[in-house]
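Chemist: model this:
(chains A, B, C, D, E and F)
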Protein chains: 4
Amino acid sequence: MNLADGLAGRSSTRGRPRSEAVERSIIEGVMQLLEEGVPLADISIERVARTAGVGKATIYRRWPGKEELFVDVMLVMEPADPELSGTSMRDDLVVLLEALRRRGLANRSSAFLHNVQAQVKSSPKLWAAYHATVIEPRRLLGAELLRRGQRNGEVRPDIDATMLYDLFLGPMLLRVVLRPEGDLPEGLAELIVDTLLEGLRPVAP
Amino acid sequence: MNLADGLAGRSSTRGRPRSEAVERSIIEGVMQLLEEGVPLADISIERVARTAGVGKATIYRRWPGKEELFVDVMLVMEPADPELSGTSMRDDLVVLLEALRRRGLANRSSAFLHNVQAQVKSSPKLWAAYHATVIEPRRLLGAELLRRGQRNGEVRPDIDATMLYDLFLGPMLLRVVLRPEGDLPEGLAELIVDTLLEGLRPVAP
Amino acid sequence: MNLADGLAGRSSTRGRPRSEAVERSIIEGVMQLLEEGVPLADISIERVARTAGVGKATIYRRWPGKEELFVDVMLVMEPADPELSGTSMRDDLVVLLEALRRRGLANRSSAFLHNVQAQVKSSPKLWAAYHATVIEPRRLLGAELLRRGQRNGEVRPDIDATMLYDLFLGPMLLRVVLRPEGDLPEGLAELIVDTLLEGLRPVAP
Amino acid sequence: MNLADGLAGRSSTRGRPRSEAVERSIIEGVMQLLEEGVPLADISIERVARTAGVGKATIYRRWPGKEELFVDVMLVMEPADPELSGTSMRDDLVVLLEALRRRGLANRSSAFLHNVQAQVKSSPKLWAAYHATVIEPRRLLGAELLRRGQRNGEVRPDIDATMLYDLFLGPMLLRVVLRPEGDLPEGLAELIVDTLLEGLRPVAP
DNA sequence: GCCTAACCGAGACGGTACGTCACGTCTTTTA
DNA sequence: TAAAAGACGTGACGTACCGTCTCGGTTAGGC
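Modeler: Numbers count the residues shown, from 1 in each chain, chains lettered A, B, ... in the order given. Just a heads-up that it's a prediction; the model follows:
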């Protein structure tokens, strides 16, 4: 996943070029602090600069502020899309939803993603960016999956596919958000998918 | 709705008692600032004190920090539970979900609630408090509604009622969160309820 | 030595009379703090109240402020006038000056008096009070001693006796002030007195 | 007279150097407040910063606290050493002592010096600094003067010159301190010098 | 032997200043 | 020209006292 281009705003090609290594060490610095359990609110630009061994101006040259930097960090940390089999719609839906459950846990992100997302949502500008680059693509992925099911006659075709996917995504996300500690029951995704699929079968002619 | 008791921590009954009027004017001060469109992040304790005509220490005497104060403000602002008819389960479900849609708009809260909730969610302690006093009671309300429906034979009885309500609540909340500007289609709640109810009818024997 | 009457300002005789025990415990509280080595500047009214187990208002009822309280404390601590033999003017002068040297040391006052006096001098009002009640009486005592010497023909009579005493007091005080640690040579008073007396003998006719 | 070096503590030569202009404007700010008659105790770091148009941190970067800043201000205000003729020891002594009398009056310092000195004396650390840089040099100047007189046979040579000068300095300072309002008789210095010189003539062999 | 004014402790109250920290900008030297 | 270092004005942080003001609860006169 590409960065939202911290190098934006660079005009000419003259003079000493910006160091990509510096770029990386700044983002690594933020992630290191997060892994150390430092609360997001306690991570100041000043502290990032100290951690990364970098001047403050070097950070401001790349990002207009803390939030924009955090968005890039979040994009780097965002786990890859799950692999879909393409054979069973039901199984693919379960995989998609399970990916949400595992996200809060897994590698280094634990409480982090939850935290960053809270930050992001408090800034409309950033929320829009996050929505456009992270959320919406995945939502469309699920909608596409269901649209395929509608064509195959697996799901009733008289409801908008995006709305349909929201019926699956919503309850899953609700549980993820309500219980950020990660203690979600393992079979939850299957339960939701199976219950809804049963109710969404095409009406017999 | 009771406050999370800013007066907590007061030990004995000796000395001059804390003024309830001051209590109110502090919370009013925060709300006034929010109505003026001041971003939540720009509301400092210092500014609240100035706005409310109150000393900083008077605020710190009641709340350990900004977040805890905001939680109390949020509780005060939280709209009352909607009135349920008690006759039609389907209509009552629509009313419950509609209440979510209207919440982000309406009177003075516009971008506020969304904002405060983001703050709240970034602090596990506060999130727990908010969850316990605001979210969970309403979720149980909906679950109780569905349990009634299960007894009446309106909904299939083989699924946990809380899980069942999450199937309604989740998609609604998903839309509310994704589109905080409030431009939600009016019929959304009805669409969700009717679609799901159709799928959740008790299986014919 | 009487206090500067902390009870002043009391109008009527009705109601519960002020407790003298409280009076004492406040002053004792200040002295206790000073003996514990707390710097004068770190002694707040609030702290005195805590130490003495007394309400703040009880202190303000007696003294208008910190400085006035300190003056009374100083008056209580001020050592008694030294005993003069009355036989030898030279010996009495030595005793008077020696009293200055010992003042900074002795019992509990060590760095204290020096400290309080610095405070006192920064407030004209208090300085005047201290000057009138402590300094001037002793200066007059010395002047009287020398006037006796002038009558006896021990000192030249053509100089004002107060001026004359300042010639003795000045150098002694200078040393005391310059070296507040108390490491003054023991024979200093004698050296000053003898040297000056030799120069101040009446001119032979 | 050099400052006690507000720039101390600066380690390397890297980074933006501290501005000397800022240095000056801070000290000017303090002096301006003093000239406006603001009592020393009412001069807070915050107020100095406002007056000088400077951030608080900029002051704390240079001085650890209020007292240290005041010492530097005092050193800047301290009048230059008086010019000595070098011909008449008696006249030079008078000039030295007269300088003390004029100090409390004169230009802008009025009640100021007296005030600052009181502050200084309440802090052993600062008192030591003031003693070393201001008082002692002048005391040695007077002692040197008298040592010259001892070599010329103008003063008895059997007393330590510093002790000797204290006999002149002490009474003068005593009067200055006792009457800080500045209403000292004009001929005082001459009176002291002439009286003492008469008594300190070398003994005829 | 009550009555009641004044005292007493405790601590809330609106303020001001403290000393620290981070903000985002700027000015240096070094590369 | 970039980069690190760090100074700069600004302003919030949370704490401590200031001097005043309630509280509930004594504690002595004076009636």
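
Chemist: show me what contacts the closest residue to residue A:84 other than its chain neighbours?
Modeler: Spatially, and ignoring its direct neighbours in sequence, residue A:84 is nearest to residue A:92 (4.6 Å; CB to CB, 6 or more residues apart in numbering or on different chains). Just so you know, the C-beta spots here come from the backbone N, C-alpha and C atoms, and that holds for glycine as well. By CB atoms under 8 Å, 6 or more residues apart in numbering or on different chains, residue A:92 lies in contact with A:84-86, A:145.

Chemist: what's the helix or strand for residue A:92?
Modeler: Counting by DSSP states H and E, the element that carries residue A:92 is helix A:89-103.

Chemist: buried ones in that helix?
Modeler: Within helix A:89-103, the residues scored as buried using 16 or more other CB atoms under 10 Å in any protein chain shown are A:89, A:92-101.

Chemist: closest one of the residues you listed to DNA strand E?
Modeler: Of all the buried residues of helix A:89-103, DNA strand E sits closest to residue A:100, with 30.8 Å by CB to the nearest atom of the strand.

Chemist: looking at it, the closest one is touching residue A:172, isn't it?
Modeler: Yes - look at residue A:100 against residue A:172 with CB atoms under 8 Å: they come within range, at 5.6 Å.

Chemist: can you name the next helix or strand after the helix or strand of chain A with the lowest mean pLDDT?
Modeler: Using mean pLDDT, DSSP states H and E, the weakest-scoring helix or strand in chain A turns out to be helix A:110-121, at a mean of 62. Reading on from helix A:110-121 to the C-terminus, the next helix or strand found by DSSP H and E is helix A:124-130.

Chemist: ok, and for that next one, which residues are buried?
Modeler: A:126-127, A:129-130.

Chemist: could you do stretch A:60-77 as well?
Modeler: For stretch A:60-77, the neighbour count (16+ other CB under 10 Å) marks A:62-63, A:66-75, A:77 as buried.

Chemist: any chance of the buried residues of helix A:124-130 in TSV, with distance to residue B:32 and pLDDT too?
Modeler: Below are those laid out as TSV (distance: CB to CB, whole Å; pLDDT from 0 to 100):
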residue	distance to residue B:32	pLDDT
A:126	27	73
A:127	25	75
A:129	31	77
A:130	31	78
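
Chemist: these: which two are farthest apart?
Modeler: Across the buried residues of helix A:124-130, no pair lies farther apart than A:127 and A:129, at 7.3 Å, counting by CB to CB.

Chemist: now do the shared contacts for these two.
Modeler: Contacts common to residue A:127 and residue A:129, judged by CB under 8 Å, 6+ apart, are absent.

Chemist: domain assignment for chain A?
Modeler: Per the TED database, the structural domains of chain A span A:16-76, A:79-198.

Chemist: need the nearest residue in space to the residue of chain A found nearest DNA strand E, chain neighbours excluded.
Modeler: Residue nearest to DNA strand E within chain A (CB to the nearest atom of the strand): residue A:44, separated by 3.0 Å. With CB to CB, 6+ apart as the criterion, residue A:44 has its nearest non-adjacent residue at 7.6 Å, and that residue is residue A:66.

Chemist: that neighbour contacts residue A:47, correct?
Modeler: No - judged on CB under 8 Å, residue A:66 makes no contact with residue A:47 at a distance of 10.5 Å.

Chemist: how about the nearest residue to the closest residue to chain B within chain A, chain neighbours excluded?
Modeler: Nearest residue of chain A to chain B (CB to the nearest CB) works out as residue A:199 at 1.6 Å. Once flanking residues are discounted, residue A:199 sits nearest to residue B:199: 1.6 Å by CB to CB, 6+ apart.

Chemist: surely that neighbour touches residue A:202?
Modeler: No - Residue B:199 is not in contact with residue A:202 according to CB under 8 Å; the separation is 11.5 Å.

Chemist: which one's more surrounded, those two?
Modeler: Shown here are residue B:199 and residue A:202; by other CB atoms under 10 Å in any protein chain shown, residue B:199 has more neighbours (18 against 13).

Chemist: dump the residue contacts of the more buried one.
Modeler: By CB under 8 Å, 6+ apart, residue B:199 lies in contact with A:196, A:198-201.

Chemist: just the CA coordinates for the helix or strand that residue A:176 is a member of, please, in CSV.
Modeler: Assessed by DSSP H and E, residue A:176 sits inside helix A:161-178. Extracted as CSV, the C-alpha positions of helix A:161-178 are listed here (Å, rounded to 0.1, in the frame of the first residue of the first chain):
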residue,chain,number,x,y,z
ALA,A,161,-25.5,-5.4,-2.8
THR,A,162,-23.7,-2.7,-0.7
MET,A,163,-26.7,-2.6,1.6
LEU,A,164,-26.6,-6.3,1.7
TYR,A,165,-23.0,-6.5,2.7
ASP,A,166,-23.6,-3.9,5.4
LEU,A,167,-25.9,-6.4,6.9
PHE,A,168,-23.0,-8.8,7.3
LEU,A,169,-20.3,-6.2,8.1
GLY,A,170,-22.3,-4.2,10.6
PRO,A,171,-22.9,-6.8,13.3
MET,A,172,-19.3,-8.1,13.0
LEU,A,173,-17.9,-4.6,13.3
LEU,A,174,-20.2,-3.8,16.2
ARG,A,175,-18.8,-6.7,18.2
VAL,A,176,-15.2,-5.7,17.3
VAL,A,177,-15.8,-2.1,18.4
LEU,A,178,-17.6,-3.0,21.6
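
Chemist: residue ranges with poor pLDDT in chain A?
Modeler: A:1-15, A:103-124, A:179-183, A:203-205 (pLDDT under 70).

Chemist: hang on, residue A:173 packs against residue B:174?
Modeler: Yes - at 5.9 Å, residue A:173 and residue B:174 qualify as touching, with contact defined as CB under 8 Å.

Chemist: for chain A, what spans make up the helices?
Modeler: Assigned by DSSP state H, the helices in chain A fall at A:20-35, A:45-52, A:56-62, A:66-77, A:89-103, A:110-121, A:124-130, A:136-152, A:161-178, A:188-199.

Chemist: now these in CSV, with distance to DNA strand F?
Modeler: Listed next are those as CSV, based on distance: least, CB to the nearest atom of the strand, whole Å:
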stretch, distance to DNA strand F
helix A:20-35, 5
helix A:45-52, 7
helix A:56-62, 3
helix A:66-77, 14
helix A:89-103, 31
helix A:110-121, 17
helix A:124-130, 22
helix A:136-152, 31
helix A:161-178, 26
helix A:188-199, 38
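
Chemist: okay if I get those as a markdown table plus distance to residue C:22?
Modeler: As requested, those are arranged in a markdown table below (distance: least, CB to CB, whole Å):
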| stretch | distance to residue C:22 |
| --- | --- |
| helix A:20-35 | 55 |
| helix A:45-52 | 52 |
| helix A:56-62 | 57 |
| helix A:66-77 | 56 |
| helix A:89-103 | 67 |
| helix A:110-121 | 55 |
| helix A:124-130 | 62 |
| helix A:136-152 | 74 |
| helix A:161-178 | 59 |
| helix A:188-199 | 69 |
